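In: Pasting a predicted model and its sequence here:
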Amino acid sequence: MSYGKTQDRLKSLQAKRGKLEAQIQKLAAVDLARKRKQELQRKILVGGYYLELATKDGRLDELNSTMLTWLSREADRKLFQTGA
């Protein structure tokens, strides 16, 4: 293979590699977004379960107190303060 053809082939393969790497990154981002969405769904369901359980058992005040102790962000804490 001549030098010119070799260089052309090299450029072509590098371009293909660039396209493949972009596709890999896009698919990895889609997969990560899917996993994050699933994790958020699990957290919502678990939270809903414990909120319902505390309500049924008459322990909602205890749950709110626990959450106030555990949470550090004021915006989050406001959700569990009395009258929220």
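Out: Ah, there it is. Numbers count the residues shown, from 1 in each chain.
In: CA only for contacts and neighbour counts going forward, please
Out: Fine.
In: can you give me the strands in this structure?
Out: According to DSSP state E, the chain carries no segments that qualify as strands.
In: and the longest helix anywhere in it, what other elements does it pack with?
Out: Ranked by number of residues, the top helix in the chain under DSSP state H is helix 3-56. If you count contacts as 3 or more C-alpha pairs under 8 Å, 6 or more residues apart in numbering; DSSP states H and E, helix 3-56 packs onto helix 60-70.
In: buried set for the helix it packs on?
Out: 60, 63, 64, 67, 68 (16 or more other C-alpha atoms under 10 Å).
In: Identify all contacting residues around it.
Out: Contact with helix 60-70 is made by 51, 54, 77, 80, 81, as judged by C-alpha atoms under 8 Å, 6 or more residues apart in numbering.
In: contacts for stretch 24-35?
Out: So stretch 24-35 is in contact with no residue, going by C-alpha under 8 Å, 6+ apart.
In: Using PDB, write out every CA atom in it.
Out: What follows is stretch 24-35, C-alpha atoms only, in PDB (Å, rounded to 0.1, in the frame of the first residue of the first chain):
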ATOM      1  CA  ILE A  24     -20.400   5.000  23.000                       C
ATOM      2  CA  GLN A  25     -20.600   8.200  25.100                       C
ATOM      3  CA  LYS A  26     -24.200   8.900  24.100                       C
ATOM      4  CA  LEU A  27     -25.300   5.400  25.000                       C
ATOM      5  CA  ALA A  28     -23.400   5.500  28.300                       C
ATOM      6  CA  ALA A  29     -25.200   8.800  29.100                       C
ATOM      7  CA  VAL A  30     -28.600   7.300  28.200                       C
ATOM      8  CA  ASP A  31     -27.800   4.300  30.400                       C
ATOM      9  CA  LEU A  32     -26.700   6.500  33.300                       C
ATOM     10  CA  ALA A  33     -29.800   8.600  33.000                       C
ATOM     11  CA  ARG A  34     -32.000   5.500  33.000                       C
ATOM     12  CA  LYS A  35     -30.200   4.200  36.200                       C
END
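In: Show me what counts as buried in that stretch.
Out: Buried residues in stretch 24-35, defined by neighbour count with 16+ other C-alpha under 10 Å: none.
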